[in-house]
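Trainee: Fold the following and give me the result.
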Amino acid sequence: MKIGTKSLTNERSKLDERKVAKFVKDIMALRKRDKEVLVVTSGAVGAGIGRLELKERPKHVPSLQAAASVGQGILMQVYEKNFSRYDQPIAQMLLSAEDFSNQARYQNFKSTLSALLKWGVIPIINENDTVAVEEIRVGDNDLLSAYVAKGVKADLIVLLSDVDGLYTGHPSKSASKLLKTVERVTPKIERMARSCSRGFGGILTKVQAARMASEAGISVVIANSRTENVLGRILNGEDIGTLFLSRGD
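Mentor: Okay, here's the model as predicted:
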């Protein structure tokens, strides 16, 4: 699962611990069902903003990187505090594009994840924002989740967002309809996502991640993070969000 920035922060872009607690509760409900869960998380910048008491989110990349470096440890502390209530061990993994393009590093990444899952540890994965300039500008962890899912041959990716899924137009327009199922990410679907994307971390990168994952045989769901028990209901087969079918479905 991937948790976006807006799903973890408040209206002032600061980390909201209550939201983290909600997701941890949902994740642990899946663990009780013997599901292996990997978490790709945003929120380091938001945690840094809160710790530094900044009045707004920085606009320049070096400042974003600095805020992320301050916030990363705080973000992990919040996750650790909440998961420890369930006696659930977690591990931090900070990755960059080179970890997937360099064969030796990619193999090491997969081996480490395999060991963590064997031990029953939940990996908490984030981009190495302090050095990954391009990822801060564009990736917003959506594509990272697809790379990670391919590396471990996951069954499903859940991309949690502040919208209900992929719409035929901007969600604010009454004529826009929620697409329940996408059989294949075509250029038409990508143009649709581009037209209704709201900028940083918008729906476009989620659709691009869905294309990458579905072509690798992994189904993807884009859903609203505010939905109650969203993870459990998705796994129960409820009609929530937009389902991107894997090419094997």
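Trainee: Disregarding flanking residues, what is the spatial nearest neighbour of residue 93?
Mentor: Spatially, and ignoring its direct neighbours in sequence, residue 93 is nearest to residue 125 (4.7 Å; Cβ to Cβ, 6 or more residues apart in numbering). (Each C-beta comes from the backbone N, C-alpha and C, glycine too.)
Trainee: ok, now how distant is that neighbour from residue 148?
Mentor: 6 Å (Cβ to Cβ, to the nearest Å).
Trainee: what's the next secondary structure element after the lowest-mean-pLDDT helix or strand in the chain?
Mentor: Every helix and strand of the chain was ranked by mean pLDDT, DSSP states H and E. The lowest is helix 133-134, at a mean of 55. Where DSSP states H and E defines the elements, the next helix or strand beyond helix 133-134 is helix 142-152.
Trainee: Show me what that following helix is packed against.
Mentor: On a contact count with 3 or more Cβ pairs under 8 Å, 6 or more residues apart in numbering; DSSP states H and E, helix 142-152 meets strand 2-3, strand 39-41, helix 103-118, strand 122-127, strand 156-161, helix 203-215.
Trainee: Just the pLDDT for the residue of the chain most remote from its centre.
Mentor: Largest separation from the mean C-alpha position in the chain: residue 175, at 28.2 Å (Cα atoms, centre = their mean). Looking at residue 175, its pLDDT reads 81.
Trainee: repeat for residue 139
Mentor: On pLDDT, residue 139 comes in at 54.
Trainee: again with residue 115
Mentor: 95.
Trainee: quick revisit: quick one: closest of the helices and strands packed on helix 142-152 to residue 80.
Mentor: Closest of those to residue 80 is strand 122-127, at 8.8 Å (criterion: Cβ to Cβ).
Trainee: just the angle between the closest one and helix 103-118, please?
Mentor: 150 degrees (axes from the mean of the first three to the mean of the last three Cα atoms, to 10 degrees).
Trainee: partners of strand 122-127, with directions?
Mentor: Paired strands of strand 122-127, with direction, are strand 39-41 (parallel), strand 90-95 (parallel) (DSSP bridges).
Trainee: Measure how far that strand is from the centre of its chain, please.
Mentor: Distance, stretch centre to chain centre, for strand 122-127: 10 Å (Cα atoms, centre = their mean, to the nearest Å).
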